[in-house]
Every structure is written in C-alpha cells, then in structure tokens.
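Visitor: could you look at this predicted model? Sequence included:
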Amino acid sequence: MADVRTAHTAYLEPSVLRAARALLDDVFAGEMTDADWEHALGGIHAVAWEDGTVIGHGSVIQRRLWLGGRALRTGYVEGVGVRADRRGRGVGAALMDALEPVIRGAYDLGALGTTEMARGFYEARGWQRWKGPSSALTPRGIERTPDDDGGIYVLAVTVELALADEIVCDWRDADVW
Ligand SMILES: CC(C)(COP(=O)(O)OP(=O)(O)OC[C@H]1O[C@@H](n2cnc3c(N)ncnc32)[C@H](O)[C@@H]1OP(=O)(O)O)[C@@H](O)C(=O)NCCC(=O)NCCS
C-alpha cells in the first residue's frame, strides 16, 4: 500500500513538486497546463509514495466562494490523480482521507471541479453535486460560467448548502473552477 504524506507547498522539496507535476502531466495526458498546476499550489498537498516514487497527488488550497450572501472560506481540491497502473487499490481514497480532515478542520466547506470520470469517486465519499448556476467574480463583475455547471462538487462543513442556489468563485487566471 502506498504511503501518503501531507505537507504545505512551502515544505515540499522542489524535486517532489516536480515529480507530482510530472505525474499529473501523465494522468491528464498532457492537458495539465502551467496554470492548472499553479492552482494546486499554496496549500496542503497529499503525496502518495510507493518505492520512493510519487504515484498519487492531491492538494487543498484556500479560495472564497460566494454563497447565500457570504464569502465562505473554502478548501478547494486541486490536482487529484493516481498513476494509471496504480488505480483501484485505494490510493485515491487514501489521498482524500488525508485532505478531507484539512477541509473539515479549517474551512466552511470543501469544493472542487471534477472530471467526468471521477464523479462517482467523489459521490461515494459524500461530496454533493452543485445543481445551481455557477459564476465567477471576474475583474469585470460576476460572469456566468455555464460550462462548469454540474461539474462542481461540494462538501458541507460548517454551513448548510442550498445546492440549487447560485455559486460564485473568486477570480484567478485560466480555468476559474
Ligand atoms: C479518480 C482517481 C483519483 C481515483 O483513484 P483510485 O486510486 O483509482 O481510487 P480508489 O482505488 O481509492 O477508489 C476508492 C473508491 O472509489 C471508487 N472509485 C474510484 N474511481 C471511481 C470512479 N471513477 N467512479 C466511481 N467510483 C470510483 C472505487 O471503486 C473505490 O470504491 P470502494 O471503496 O467501494 O472499493 C483516479 O481514477 C484518477 O487518477 N483518475 C484520473 C484523474 C482524475 O480524473 N482525477 C480527478 C480530478 S477531479
């Protein structure tokens, strides 16, 4: 079984960060951009190791989601991936087992934008699909992000979530969700 370790970005060796990035490049078949990787930095990483090799990664970073009239402190999950030949052995679950306590311990809710294939993975862990319209607070004001509707999942911590309401994320370069 893989060994999962957690650390803030600041405490990970550059070589570990490079290995995690390389893993995600493989997992997402070259579709992981520099911006996608940058979105996964600045929070707590869970890194899965096997025989000195990084075989899984995920991180939680802080964002603000505007929900029900409040800007809620949100633990946003980024860069979750397990090496293809190591899937189905509990590594993904072990990564989330390491990250969800960070969310529960420090944030009002958890959130993430999922790939189509991972929906069932998160749903089985109690994450809920956001059913309402999604938007982002851009430099030009609030703008709808219709392509992300239905692909956002949340984990309630301190607040009750009205899943049919509007959900608005803070601004960042490239993919906002
Ligand atoms: C999604 C992913 C991280 C899951 O990792 P994994 O190591 O294969 O997952 P696990 O073996 O820990 O599975 C844990 C549980 O989730 C289930 N599960 C895993 N992937 C699933 C999926 N895509 N759909 C439904 N259930 C899934 C497993 O059957 C298992 O259930 P069990 O506890 O009842 O046995 C992995 O498939 C992956 O890297 N996918 C490609 C990248 C990706 O889509 N990442 C998500 C970005 S949001």
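Guide: Great, that's in hand.
Visitor: show me where the protein has its helices.
Guide: Per DSSP state H, the chain carries helices over the ranges 14-27, 34-39, 91-106, 119-123.
Visitor: deepest of these, which one?
Guide: helix 91-106 (a mean of 18; mean count of other C-beta atoms under 10 Å). C-beta: built from backbone N, CA, C; applies to glycine.
Visitor: could you check how far the spatially most central residue of the chain is from the ligand?
Guide: What sits nearest the mean C-alpha location of the chain, by C-alpha atoms, centre = their mean, is Val77, with 1.7 Å. For Val77, the distance to the ligand equals 7 Å [C-beta to the nearest ligand atom, to the nearest Å].
Visitor: so that residue sits against Thr114, correct?
Guide: No. Counting by C-beta atoms under 8 Å, Thr114 is not a contact partner of Val77; they are 9.1 Å apart.
Visitor: next, count neighbours for the nearest residue to the residue nearest to the centre of the chain once chain neighbours are set aside.
Guide: The spatial neighbour of Val77 that comes closest, neighbours along the chain excluded (C-beta to C-beta, 6 or more residues apart in numbering), is Leu112 at 3.9 Å. Using other C-beta atoms under 10 Å, Leu112 has 24 neighbouring residues.
Visitor: ok, the one 3 residues further on next?
Guide: By the measure other C-beta under 10 Å, the count of residues near Thr115 is 15.
Visitor: and it, what's its pLDDT?
Guide: Reported pLDDT at Thr115 in the predicted model: 90.
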